[in-house]
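Visitor: Give me a model of this one.
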Amino acid sequence: PNYEMVMPKGNDKRAEFDTASLSQAVRRVALMADDRSHAVRFNLTPGSLQISSQTAEEGEAREIVTTEYQGEETDIGFNAAYLQDFLNVMSEGAVAFEFKDGNSQAQLRPASDDGYDYRYIVMPMRL
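Guide: Have a look, this model is predicted:
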């Protein structure tokens, strides 16, 4: 298949996270996500990421993860299960999160060049 067609182009914004911290935060917040959509909201601001979810029946959850992000404030929604799929494969180190805006596909990959060159593309959800 022509995988180059889905690879994001023009992702000029980048944030780096500790893989373990991000994985644990997404896992905790996903407990309060809707059972059908598993939607979590990423609110990126310079220096931090707030991950949140809510359901009408059970309540809401929020976690803050530090990051090396210096761009403008951005809201993006994701399916938490898809994020966890990638984060479970990343055992340690830092993960790079690259995106263009809240409506375009995002790319996750290892932040370091340790000989592995793999990428994970995830589509955003409408919030």
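
Visitor: ok, and the closest non-adjacent residue to the residue positioned nearest the centre of the chain?
Guide: Centroid-nearest residue in the chain, with CA atoms, centre = their mean: residue 83, separated by 6.0 Å. Excluding the flanking residues, the one nearest residue 83 by CB to CB, 6 or more residues apart in numbering is residue 26, at 5.3 Å. Where C-beta positions appear, they are placed from N, C-alpha and C, glycine not excepted.

Visitor: any idea how far the one you found is from residue 10?
Guide: 25 Å (CB to CB, to the nearest Å).

Visitor: and whatever helix or strand the residue nearest to the centre of the chain lives in, what other elements does it pack with?
Guide: Remark: residue 83 resides in helix 80-89, with elements defined by DSSP states H and E. Secondary-structure packing of helix 80-89 (3 or more CB pairs under 8 Å, 6 or more residues apart in numbering; DSSP states H and E): helix 19-30, strand 39-45, strand 120-122.

Visitor: mean confidence score for it?
Guide: Averaged across helix 80-89, pLDDT comes to 93.

Visitor: What is the subsequent helix or strand relative to that helix?
Guide: Next element after helix 80-89 (DSSP H and E): strand 94-99.

Visitor: Mind listing residues that contact that next one?
Guide: 8, 11, 13-19, 22, 74, 76, 86-87, 105-112 (CB atoms under 8 Å, 6 or more residues apart in numbering).

Visitor: now do 7 Å
Guide: Strand 94-99 is contacted from outside by 11, 13-19, 22, 76, 106-112, using CB atoms under 7 Å, 6 or more residues apart in numbering.

Visitor: That strand pairs with which strands, and in what direction?
Guide: strand 13-18 (antiparallel), strand 106-110 (antiparallel) (DSSP bridges).
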